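Any chance you can model this:
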Amino acid sequence: MIVVMYVVKVPNRGSPPAILLRESYRQDGKVKNRTLANLSAWPEAKVDALTRVLKGQPPPAAPLEEAFEITRSLPHGHVAAVLGTARRLGLDELIDPAPSRHRDLVVAMAVAQVIAPDSKLAIARGLREETAATSLGEVLALGSCDEDDLYQAMDYLQVRQDTIQDGLAARHLAGGTLVLYDVSSAAFEGRTCPLGAIGHPKDGVRGRLQIVYGLLTSPGGIPVAIEVFKGNTGDPKTVASQVDKLKDRFGITKVALVGDRGMLTAARLREDVAPAHLDWITALRAPQVKALVRDGDLQLTLFDVQDLAEITSPDFPGERLVACKNPFLEAERARKRESLLAATEADLEKIAAACSRTRQPLRGTDKIAVRVDRVLSRRKVAKHFQADIGEDRFSYHRDQDSITAEAALDGIYVLRTSVAAADLDSTGVVSSYKALAQVERAFRAFNTDLDIRPIRHRTEDRVRAHVFLRMLSYYLSWHMQARLAPLLFTDDDKPAAARTSPVTPAARSPRALAKAATKHTSGDLPVHSFSSLLTDLATICLNTIAPADPALPGFRIVTTPTALQRQAFEVLGVSHRLGVT
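This next block holds a predicted model:
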């Protein structure tokens, strides 16, 4: 008996037609039909699929969007860029030649701080598989981790800090070189860490506990070593430990320590630097410059025809003094002084008006003097005003002689170096100026790019490990920004921007100006800042794909990079598929 099954629509008065599954067969020479099921409740697509099967036709193709499901998509491009750079630099082997989970966690924290500086709790949450914010935890195969794991890794890092810094010094501080050193501070969260103390804040946060830290860098600003001090430690008191590092631990045969005048004081040069036989470069304080002019060792007429000159003084035997005059700095100091004087006069005028008003006038020599002293001290211009205070009167005028004497030294500063320090390269005394300027540039970048605040740790070792971890992150970002310079607003054509004089302001090269004006590179790619480029790279995702057909295996695929992203990975020398198999 031959049986044929088919689907048929049967009219239904007053209602939609019924959809029935029937079979047709021949019995006793007659064709008969029998209803097997009512399919009226089935969706149309399902009825159509059954109809095609009964007719011997292939089933309809499923919509493409239903063929696969993206079960997870993790930002990956910025991880590949930063972690790839860390591996290219050999940072993991520098931390510890032997692979370990602690080492991987330290690398993860350093990379995470470049991508998005955050607390250890937030970093741990972003690394865990179930709460991953990026592919970092998966690429490093960290599995499940929490903040306690990161704290243990920090303890492991703190023990190895000296060894790691020795390795960095061997890489970046050659036998005869300049070493830049400066000191800064950071406000401290909490009150229990012994390092926290009230001191002179350099980060603008007043009235809070702080720590002080000193950073050693190569001439190019590459961080090499960092040390944390108690928050009330003065800059000069940090010098001795840095001298010990350079001579005893790093074993550098010939080095010139470069630091500002507040740190490399006469006492520190005499008691710490000289006994270690280090060369050095620093600057004179304003009173010392005035003394040179007063004694005739520095003739201001020198600057009528030049802006840089080497002078000598019996007060500084066996040293080189490099006198400089920067006309741009001269104009800026004159503008700023006039602004401070005008603002102070406006406040003093209010006091004078209070003394002469008819209703409740200000009276009393002591009361008037207190208010006047408060105004003069606020902007530190008391030396430029003469005040006459009585029981019921107050008047003032500018001390023009004092203003003129100060203005004569506007834009003038004097670098102080040991004899050999300026000869560490072929540029002679000019190198002294450039080296001291490089200290400021290196520290501006360090404090801006990776501020170590907030510090939420409570023990000395954890605070030291936190600061050192931030230095390692800055080490990564420094190298990344150097390589990515053609794609950033950074000037990547420094030879074309060479200054005619070391005391003139740095000018940007024509290529950098073109990038800033057009917002595009010479290859017509969009120009980024470093942080916005990392955000752009983060749009490259590691996608986990599950086919709709359970018989097919799942797979992972990485987003195809754009032209800009591809260029970024090429200049970094890493692959966007890092860690993907």
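
roughly how far apart are the residue nearest to residue 249 when sequence neighbours are not counted and residue 337?
If the residues on either side of it in the chain are set aside, residue 249 comes closest to residue 166, at 6.2 Å by CB to CB, 6 or more residues apart in numbering. Where you see a C-beta, it was placed from the backbone N, CA and C, and this is true even at glycine. When CB to CB, to the nearest Å is the yardstick, residue 166 and residue 337 sit 47 Å from each other.

do residue 43 as well
Residue 43 sits 83 Å away from residue 337, taking CB to CB as the criterion.

How about residue 565?
When residue 565 is compared with residue 337 (using CB to CB), they lie 50 Å apart.

more crowded one of those two?
When neighbours are counted by other CB atoms under 10 Å, residue 565 comes out ahead of the other of residue 565 and residue 337, with 21 against 17.

mean confidence for whatever helix or strand that one lives in?
Taking DSSP states H and E as the definition, residue 565 sits inside helix 563-572. Averaged over helix 563-572, pLDDT sits at 95.

Same question for stretch 55-73.
In this model, stretch 55-73 has an average pLDDT of 75.

Have a look at the chain and report the helix or strand with the lowest mean pLDDT.
Of all helical and strand segments in the chain, the minimum by mean pLDDT, DSSP states H and E falls on helix 429-449, at a mean of 55.

Report the angle between whichever helix or strand comes after that one and helix 563-572.
Counting by DSSP H and E, the element after helix 429-449 in chain order, helix or strand, is helix 460-484. Computed by axes from the mean of the first three to the mean of the last three CA atoms, to 10 degrees, the angle separating helix 460-484 from helix 563-572 equals 110 degrees.

next SSE after helix 460-484?
Helices and strands here follow DSSP H and E; after helix 460-484, the next one along the chain is helix 510-518.

if you skip the residues just before and after it, what's nearest to residue 563?
Computed as CB to CB, 6+ apart, the closest residue to residue 563 that is not its neighbour in sequence is residue 525, at 6.4 Å.

quick one, longest helix in the protein?
Ranked by number of residues, the top helix in the chain under DSSP state H is helix 327-356.

any idea how far residue 334 lies from residue 411?
Where residue 411 is concerned, residue 334 sits at a distance of 9 Å (CB to CB).

Those two - which one has more neighbours?
Neighbours per residue, other CB under 10 Å: of residue 334 and residue 411, the larger number sits with residue 411, 19 against 15.

In contact with the closest residue to that one other than its chain neighbours, which residues?
Leaving aside its chain neighbours, residue 411 sits nearest to residue 330 (2.9 Å; criterion: CB to CB, 6+ apart). Under the criterion of CB atoms under 8 Å, 6 or more residues apart in numbering, the contact list for residue 330 reads 410, 411, 412.

Could you report the separation of residue 330 from residue 484?
Distance from residue 330 to residue 484, by CB to CB: 37 Å.

so where's the stretch 251-400 of the chain uncertain?
Under the criterion pLDDT under 70, the flagged ranges of the stretch 251-400 of the chain are 253.

can you give me the helices in it?
Listed in chain order, the helices found in the stretch 251-400 of the chain under DSSP state H, counting those that start in this stretch are 266-268, 286-294, 327-356, 365-378, 400-407.

With distance to residue 230 added, can I get these in a markdown table?
Formatted as a markdown table, those follow (distance: least, CB to CB, whole Å):
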| stretch | distance to residue 230 |
| --- | --- |
| helix 266-268 | 18 |
| helix 286-294 | 29 |
| helix 327-356 | 34 |
| helix 365-378 | 29 |
| helix 400-407 | 36 |
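
Looking at these, which is nearest to residue 54?
Among those, helix 327-356 comes nearest to residue 54, with 89.3 Å by CB to CB.

and the angle for that closest one with helix 400-407?
Using the same axes, to 10 degrees: helix 327-356 against helix 400-407 is 150 degrees.

Can you give me the neighbour number for residue 551?
Residue 551 is flanked by 5 other residues according to other CB under 10 Å.

Please apply the same query to residue 386.
Neighbours of residue 386 (other CB under 10 Å): 12.

shouldn't it be in contact with residue 397?
Yes: taking contact to mean CB atoms under 8 Å, the distance of 5.6 Å between residue 386 and residue 397 places them in contact.

what comes up buried for stretch 264-272?
Neighbour counts over stretch 264-272 (16 or more other CB atoms under 10 Å) mark 264, 265, 268, 269, 272 as buried.

no, scratch that, I was asking about stretch 549-568
Within stretch 549-568, the residues scored as buried using 16+ other CB under 10 Å are 558, 559, 561, 562, 564, 565, 567, 568.

Many thanks, I have nothing further to ask.
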